[in-house]
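**Student:** show me how the following folds:
(2 chains)
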Protein chains: 2
Amino acid sequence: MGNAEYDEYPNPSSMKGENRKKHQVEIPPPQPFLKSLKNTVKETLFPDDPLRQFKNQPPLKKLKLGVQYFFPIFEWAPRYTFDFFKSDLISGITIASLAIPQGISYAKLANLPPILGLYSSFVPALVYAVMGSSRDLAVGTVAVASLLIASMLGEEVNPTDNPTLYLHLALTATFFAGLFEAALGIFRLGFIVDFLSHSTIVGFMGGAATVVILQQLKGILGLDHFTQSTDIISVLRSVFTQTHEWRWQSAVLGFCFLFYLLAARFFSQKRPKFFWVSAMAPLLSVILATILVYFTHAENHGVQVIGELKKGLNPLSITDLSFGAPYLSIAIKTGIVTGVVSLAEGIAVGRSFAMYKNYNIDGNKEMIAFGMMNIVGSCTSCYLTTGPFSRSAVNFNAGCKTAVSNIVMALAVMVTLLVLTPLFHYTPLVVLSSIIVSAMLGLIDYNAAIHLWHVDKFDFLVCMSAYFGVVFASVEIGLVIAVALSLLRVLLYVARPKTLVLGNIPDSNIYRNVEQYPNTDTVGGVLILDLGAPIYFTNASYLRERISRWIDDEEDKLKSSGETLQYVILDMGAVGNIDTSGISMLEEVKRNLDRRDLKLVLANPGAEVMKKLNKSKFLETLGQEWIFLTVGEAVESCNYMLHSCKPKSGMDASFSNNV
Amino acid sequence: MGNAEYDEYPNPSSMKGENRKKHQVEIPPPQPFLKSLKNTVKETLFPDDPLRQFKNQPPLKKLKLGVQYFFPIFEWAPRYTFDFFKSDLISGITIASLAIPQGISYAKLANLPPILGLYSSFVPALVYAVMGSSRDLAVGTVAVASLLIASMLGEEVNPTDNPTLYLHLALTATFFAGLFEAALGIFRLGFIVDFLSHSTIVGFMGGAATVVILQQLKGILGLDHFTQSTDIISVLRSVFTQTHEWRWQSAVLGFCFLFYLLAARFFSQKRPKFFWVSAMAPLLSVILATILVYFTHAENHGVQVIGELKKGLNPLSITDLSFGAPYLSIAIKTGIVTGVVSLAEGIAVGRSFAMYKNYNIDGNKEMIAFGMMNIVGSCTSCYLTTGPFSRSAVNFNAGCKTAVSNIVMALAVMVTLLVLTPLFHYTPLVVLSSIIVSAMLGLIDYNAAIHLWHVDKFDFLVCMSAYFGVVFASVEIGLVIAVALSLLRVLLYVARPKTLVLGNIPDSNIYRNVEQYPNTDTVGGVLILDLGAPIYFTNASYLRERISRWIDDEEDKLKSSGETLQYVILDMGAVGNIDTSGISMLEEVKRNLDRRDLKLVLANPGAEVMKKLNKSKFLETLGQEWIFLTVGEAVESCNYMLHSCKPKSGMDASFSNNV
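**Tutor:** Numbers count the residues shown, from 1 in each chain, chains lettered A, B, ... in the order given. So this is what the prediction gives:
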């Protein structure tokens, strides 16, 4: 490389050496404002490009595609075969056998009439079959949302004192949940669900499952009075202050069935071919327990039973929706919270099974389907439904092919509603509690928590906060804590990006993080910093301080060896964007370096950054000749100038390493 | 490069060619959890490394440094000279002449007794002189915070009906503002202030100034009744529905003084040496107006005057702080909001002047100083103070050297309080309004807004939202809108990072964004994507969809030319970190690519990413041999294998470009 003969080249652009400044950093051509706005909106709201298939199609075809887009049934129905139907029939009956006892159980959990649980497996399942795009999702109510309804509405209206008002509020909340879900889908805001991170969901679901299990102590122990709170301390106090009220008959029955259900699940897990052993177990338990109670008249000996269930299909409930004060706000709040939570579960479930079977699911379209399902549901006496994990897994294992399995389930439930409801009169509540407990135990995913601990401590912290927040405070508080922590993490990341010192990888032109690659060589007189993130107002002052600290450190280090720092190269490769605060920061850094007699050099700024640096005149202040395409070229020029302009002591030693 | 003879090398690690896979991507050695936690905490809370100077010092020296850290006066006082004092004396008297009328005006704006404005320029200025680290900041009350106090407290307590309660609440709010500010500083959470972006502050300040100016119409037109709201519509309605109440004497006086003040400022701006013309103008206006009213008895002709001002220094008010229900929450809320807003102004002012004069300011230390100033102030009948821009600019122009100018101002105000208060009896309110209007006109920084429009449209949007939010709704709503928009921008950035397709820059080993560098060559059979941001739960699903869309696009493009896509290289250079959701995303992408018979290749993953990929076993799934240090090396290997294993049609044309 260059030698000490050239003294008069302080500026890299004037260098005539053949290898210098080979590449120019381009400033992208200015884009009309509207075009760049359109691009941004498209990337933000339509990242999956749903209109792609409509391009270059005749109008009639476009209409057909549009109908198929909103009602996927028209897309797959023409290709439906009898083989498919056989599979769907089996899986549909299987999930119906699960849906009936689970529906009744979860409705009890939500403090709603048990019959609502059956209604909710009928109409929404039909709506989803027409509008949903998942082939494996089985529609139904879920425990966590049921619990949330009970705890949120229960704060305002006592379900035992005022059951009609409570029921109307639950239906209204379902309506708002549906409206909110559909709106998210229509306005393509599905990414809001992404803000519930995986670790949040693991912790929250585990906590909610724990809380639901604790609530079942009421049913299993046959207690009449129970706390309204859901936190572990209130529940355990409530349980242990009334030990004299425990009914041993109920407890024995409960634990027996729980043991049976868990054993069946364990067996099915070991031998996936026998999935039906586990899938049928809840219905079998209900039948067995009902027969047992009927013949032993256990209902007179402390075992509570469901009692009268009204025969007949879903009554219309559109007139029951109440939009008047003073309960409107609680209905909306409950609707939004339960809507988001159940949406997150439904979308995640649909996505997981689609991945297994290698087909695609459009999140926003699914949201519209969920929303319509709940809007229609709220008008036909159904409360909040989604795609529960347990039921969908059974559906998948039973070999379902399309959403027809949901139709089969709906028909089976319809028959139950029309004919079989009286049979549930003697079904003991305790067996429903056992079913819930056994389902919930599967939701406490301690393996996932252990995995989080190993891979990412902060994710583990988020997960545990959500768990303990739910268990010790309340479901809402746990959710708020978890979301807040997740967001805090994102904001902290944006506020404190990592800056790295780069060094030269021997015998190459490559510069990498000196911590990761300990065998890199530093370049004498040149400090190379990699700014690891876009520069925004949130991190501009941090970066300013951090850069000046790196320079201080470097000067301290060099002082001992008698060298001086001359150039500071900022690698902008990872700086995807910059805002006006960021540009001010760069201007300040430049002023600060000028004052210390150091030269600022930029390497590899991206298109957006170049555009803004150009518009704000920073490029002029800095001088375009101080911007290089790669760190390598920047170092080469700096070295050349160091060597040719100031051939000083101590420079040559480190120099020979880097050329 | 390689030729078609080698057919049996599907795996880059088995290639023996001399130039292949030169560099290994390192997995950093595992770090103990506590050590990495310590590092994170240090980077997050102590980016400026305040303990640096304490290192390797004897204990006595440490103590001295510690005292100097919290009380910077001990640091600079020993070096104080008589020359400094001369400068400080002049600037101190100058700012006192501004402080007295401004203090009285702003106290009126906050609906507090005018004398509080004088009190607030006495004690807090002394506290700041001892604890503050800025040499140019002049302490005093500010218009925006005064207005906020009036509007927030005014919602709960009417200042005319219940002046004592209102005063006590204002003092309590000041106490909480101080407590909050000091806590932010002590817990090193100063970065929270950074979340108020520059564009937010420009818009918010401009809006607040507009609102304050509108409020002055009351004083200038001499109206007795006026709306409690601050939005432009209520104010204009209030003004124009009582045109018969307008007092022309008052209006004429007001506009005359406003003209004088603006002319003085214009003159001083043109000739900075005559800064005192503008700085003295407010006091001169007050004196002139007072004399005018005294001799013309204009107070009997519709010109309202200040009236009786109590003589004497600040009375103690520690017993006036009220921490009881029902007003505690509003006091805390007002304290936090006004505390943050005034802190943002004070810190920004201190930083700007420090930058001019080339010294450093520690934001967290300043927060502690502001906090103490307000805590002590609230106990001595002062309301919220900070470092106002206008007064500090005058201080700076007057040539202040140290915080002694604040002491001089405090003493001047003390003399005023002890002796001169009766002189203000006949001061007309209208002149105070003129002083406020003239000060506020300087805060509407339309040039900054134009600059934002040119450089960054989104910043401009944030700025305008803040402005119109303040002007048309209320000061709080404007602030909330602006902060929410700023945060939304950050979150959107994190949720929608930019992915770029890279191409080869001719005759080099460099790969860059094809949009920015249109002369790049694509590499046949290989798609190179640059993931522009850390992969977190917020963007994991977006990135998954975006990557699969890039692949679809590329395959569509290649289909016409008969080529097939074989490799997808992800450039991870800008991926500073990854969480568990991000790792799941990569796993999904890998499965998806496997299914499509494509090979996933990673280039240049950083230390954090390698660590987590390793812990989560993704490295094993992918195969370490598919990770390269640079995109160039990855492309080289892919090309080699493409060429040697499948020497197909159409490949060679594009091939020759890239080697």
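**Student:** stretch A:45-62 close to chain B?
**Tutor:** Yes: applying CB under 8 Å from any CB of the partner chain, one finds stretch A:45-62 touching chain B at A:47, A:48, A:49. C-beta here means a position set from N, CA and C on the backbone, and glycine is covered the same way.
**Student:** now, among those residues, which is nearest to residue A:492?
**Tutor:** When these are compared for distance to residue A:492 (CB to CB), residue A:47 wins out at 25.2 Å.
**Student:** quick check: that closest one vs residue B:531, distance?
**Tutor:** To residue B:531, residue A:47 is 14 Å away according to CB to CB, to the nearest Å.
**Student:** compare these two (neighbour count), which wins?
**Tutor:** Neighbour tally, residue A:47 and residue B:531, criterion other CB atoms under 10 Å in any protein chain shown: the higher count belongs to residue B:531, 25 against 22.
**Student:** right, and that one touches residue B:571 too?
**Tutor:** Yes: with contact defined as CB atoms under 8 Å, residue B:531 reaches residue B:571; the gap is 6.9 Å.
**Student:** what's the closest non-adjacent residue to whichever residue of the stretch 51-200 of chain A sits closest to chain B?
**Tutor:** Of all residues in the stretch 51-200 of chain A, residue A:197 sits closest to chain B, with a separation of 3.4 Å (CB to the nearest CB). Spatial nearest neighbour of residue A:197, excluding adjacent residues (CB to CB, 6 or more residues apart in numbering or on different chains): residue B:537 at 3.4 Å.
**Student:** now do residue A:62
**Tutor:** Excluding the flanking residues, the one nearest residue A:62 by CB to CB, 6+ apart is residue A:54, at 5.5 Å.
**Student:** what's near enough to touch the one you found?
**Tutor:** A:62, A:65, A:66 (CB atoms under 8 Å, 6 or more residues apart in numbering or on different chains).
**Student:** backbone dihedrals for residue A:628, please?
**Tutor:** Dihedral angles of residue A:628 (phi, psi; degrees, to the nearest 10) stand at phi -120, psi 160.
**Student:** repeat for residue A:543
**Tutor:** Main-chain torsions, residue A:543, degrees, to the nearest 10: phi -60, psi -40.
**Student:** just the one 5 residues further on next, same as before
**Tutor:** The phi and psi values for residue A:548, taken as degrees, to the nearest 10, are phi -70, psi -30.
**Student:** can you report how many residues neighbour it?
**Tutor:** 17.
**Student:** surely residue A:97 touches residue A:279?
**Tutor:** Yes: between residue A:97 and residue A:279 there is a contact under CB under 8 Å: 6.7 Å.
**Student:** with neighbour numbers in mind, choose between those two.
**Tutor:** residue A:279 (26 against 22).
**Student:** how confident was the prediction at that one?
**Tutor:** In this model, residue A:279 is scored at 80, pLDDT.
**Student:** and it, which helix or strand is it part of?
**Tutor:** In the assignment (DSSP states H and E), residue A:279 maps to helix A:275-296.
**Student:** who touches that helix?
**Tutor:** Residues contacting helix A:275-296 (CB under 8 Å, 6+ apart): A:94-95, A:97-98, A:100-102, A:253, A:257, A:260-261, A:264-265, A:267-269, A:298-299, A:303, A:305, A:394, A:397-398, A:423-424, A:426-428, A:430-432, A:434-435, A:438.
**Student:** go on, stretch A:579-597?
**Tutor:** Defining contact as CB under 8 Å, 6+ apart, one finds that stretch A:579-597 is touched by A:534-537, A:540-541, A:543-544, A:547-548, A:551, A:568, A:578, A:599-600, A:612-613, A:616, A:618, A:621-622, B:197-199, B:355, B:358, B:451-452, B:455-456, B:458-459.
**Student:** helices and strands of chain A: which one bottoms out on pLDDT?
**Tutor:** Within chain A, no helix or strand scores below helix A:651-655, which has a mean of 40 by mean pLDDT, DSSP states H and E.
**Student:** and the helix or strand hosting residue A:94, what's buried?
**Tutor:** In this structure, residue A:94 is located in helix A:82-109 according to DSSP H and E. Buried residues in helix A:82-109, defined by neighbour count with 16 or more other CB atoms under 10 Å in any protein chain shown: A:84-85, A:87-109.
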